[in-house]
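>>> here is my input; please provide its structure:
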Amino acid sequence: MDRISVNRFSFRRKGSTRKDKDKEHSAAFDYSKLSYISQDEAQKIDEELFEEYKFSVDQLMELAGYSCAVAIAKCYPLETMTRDNHAVLVCCGPGNNGGDGLVCARHLKMFGFKPSVYYPKQNKKDLFTNLMKQCEGMDMPFLSFFPSEAHLITQSYNLVVDALFGFSFKGPPRADFANVLQTLAKVEIPICSIDVPSGWDVENGNPEGLQPEFLISLTAPKLCAKMFMGKYHYLGGRFVPKTMEKAYGLCLPAYPGTDCVVELKTQTPHEKETKSDEKEKDKENHEDMMGICGSSQPEEVRATDGSSALVED
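Numbers count the residues shown, from 1 in each chain. Here you go, the predicted structure:
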């Protein structure tokens with residue numbers, strides 16, 4: 001009897017992909033109840049993760065950076081990379097958002113991408129020094145200067161990972177970083193921002209600033225994510241205990257299966273305009289707009305619009 005070669009058969013429904021299933025999973029969530037958190041709320045949740053749940057900074061940074069790399073690989077598969085053997089540029093700032101970027105770069109390298117890192121203000125703490133050594137040990141180049149023209153970045157890389165500033169950022173960036181952001185705003189390849197687009201106010205956004213195509217919110221979307229108009233929005237991290245989610249009244253979509261990321265619905269221009277009109281009312285009526293998912297908490301632990309966060313600068 002002839003043997004049947006299973007390699008000739010496909011058991012996947014024609015036209016279906018893992019990403020389609022991710023979209024179907026997230027589509028079942030009621031986005032009118034999605035939690036968004038303020039800067040203060042993000043910091044409080046981080047403190048509790050460290051002090052009450054005994055997470056370490058490097059633990060959360062590893063989980064966050066890995067999530068970022070996974071989401072980027074989902075949205076920008078290697079086979080779509082056309083420039084210089086899957087080249088990507090990872091821009092890292094001096095704080096924990098930059099550490100997330102270093103972890104992300106390492107995992108992107110493991111996934112088959114070719115990351116180069118721009119890390120102008122290197123953090124001298126052991127954690128960051130070790131992350132750098134891990135990248136260098138994988139033959140990952142660190143740029144000594146930032147390309148002066150946007151077209152040089154466009155011609156050399158397939159995408160840019162923005163890990164310059166996270167949710168602890170306040171005020172205008174320093175002149176050297178401001179120049180970097182001005183250049184990045186002109187590139188013609190996708191910008192992938194980690195947690196908060198660099199240069200944005202964490203709560204109010206920045207319509208005149210960097211406009212990434214991709215955003216991965218860590219722990220929970222920050223308030224500025226309501227202003228995000230890009231193509232891909234993901235939630236990543238998957239390290240917040242359910243007890244903490246309940247205590248802070250977080251309403252977030254469930255992660256599918258064993259995944260460490262879940263895709264979120266992005267706004268249309270009409271939705272953004274409508275939400276902008278309601279912004280002042282949203283601030284005055286936190287409890288009405290936060291989507292608590294049916295739980296009631298004491299005022300001191302209730303989230304302004306949900307609540308959560310990740311280690312930051």
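>>> how about residue 161, secondary structure?
Of the three states, residue 161 takes strand under DSSP: H, G, I helix; E, B strand; the rest coil.
>>> against residue 262, how distant is it?
When distance is defined by Cβ to Cβ, to the nearest Å, residue 161 is 20 Å away from residue 262. Every C-beta, even on glycine, is put in place using the N, C-alpha and C of the backbone.
>>> which one of the two has more residues nearby?
Neighbour count, other Cβ atoms under 10 Å: between residue 161 and residue 262, residue 161 has more, with 31 against 20.
>>> what about the residue nearest to the more buried one when sequence neighbours are not counted, how many residues nearby?
Excluding the flanking residues, the one nearest residue 161 by Cβ to Cβ, 6 or more residues apart in numbering is residue 90, at 4.3 Å. Neighbour count of residue 90, defined by other Cβ under 10 Å: 32.
>>> distance check, residue 90 against residue 140.
9 Å.
>>> quick check: buried residues in stretch 35-43?
35, 36, 37, 38, 39, 41, 42 (16 or more other Cβ atoms under 10 Å).
>>> how about the one helix or strand residue 99 maps to, which residues are buried there?
Using DSSP states H and E, residue 99 sits in helix 96-110. Using 16+ other Cβ under 10 Å as the test for burial, helix 96-110 gives 96-109.
>>> for this protein, longest helix please?
When the chain is parsed with DSSP state H, its longest helix is helix 57-75.
>>> other SSEs contacting the helix or strand just after that one?
Note on helix 57-75: by DSSP H and E, the next helix or strand toward the C-terminus is strand 87-92. Judged by 3 or more Cβ pairs under 8 Å, 6 or more residues apart in numbering; DSSP states H and E, the packing partners of strand 87-92 are helix 96-110, strand 114-118, helix 150-156, strand 160-163.
>>> for these, which one sits closest to residue 181?
Closest to residue 181 of these is strand 160-163 (Cβ to Cβ; 8.7 Å).
>>> sheet-wise, list the partners of that closest one with their directions.
strand 87-92 (parallel), strand 191-194 (parallel) (DSSP bridges).
>>> can you add distance to residue 242 and mean pLDDT and give the helices and strands packed on strand 87-92 back as JSON lines?
Below are the helices and strands packed on strand 87-92 laid out as JSON lines (distance: least, Cβ to Cβ, whole Å; pLDDT from 0 to 100):
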{"stretch": "helix 96-110", "distance to residue 242": "23", "mean pLDDT": "98"}
{"stretch": "strand 114-118", "distance to residue 242": "34", "mean pLDDT": "98"}
{"stretch": "helix 150-156", "distance to residue 242": "41", "mean pLDDT": "97"}
{"stretch": "strand 160-163", "distance to residue 242": "28", "mean pLDDT": "98"}
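>>> from residue 183, how far off is the nearest residue to residue 91 once chain neighbours are set aside?
Spatial nearest neighbour of residue 91, chain neighbours left out: residue 118 (4.8 Å); criterion: Cβ to Cβ, 6+ apart. Separation of residue 118 from residue 183 (Cβ to Cβ): 11 Å.
>>> more neighbours: these two, which one.
Counted by other Cβ under 10 Å, residue 118 and residue 183 do not tie: residue 118 has more neighbours, with 23 against 17.
>>> now do the contacts for the more buried one.
89, 90, 91, 92, 142, 143, 146, 180 (Cβ atoms under 8 Å, 6 or more residues apart in numbering).
>>> now swap in residue 112 and tell me
78, 86.
>>> the stretch 151-300 of the chain: strands as residue ranges?
160-163, 191-194, 214-218, 232-236, 261-264 (DSSP state E, counting those that start in this stretch).
>>> which strands or helices does the longest helix of the chain pack on?
So helix 57-75, by 3+ Cβ pairs under 8 Å, 6+ apart, packs with helix 18-27, helix 96-110, helix 126-136, strand 160-163, strand 191-194, strand 214-218, strand 232-236, strand 261-264.
>>> what are the buried residues along it?
Neighbour counts over helix 57-75 (16+ other Cβ under 10 Å) mark 58, 60-75 as buried.
>>> now for the nearest residue to residue 227 once chain neighbours are set aside: which residues touch it?
Spatial nearest neighbour of residue 227, chain neighbours left out: residue 205 (3.3 Å); criterion: Cβ to Cβ, 6+ apart. Contacts for residue 205 (Cβ under 8 Å, 6+ apart) come out as 197, 224, 226, 227, 228.
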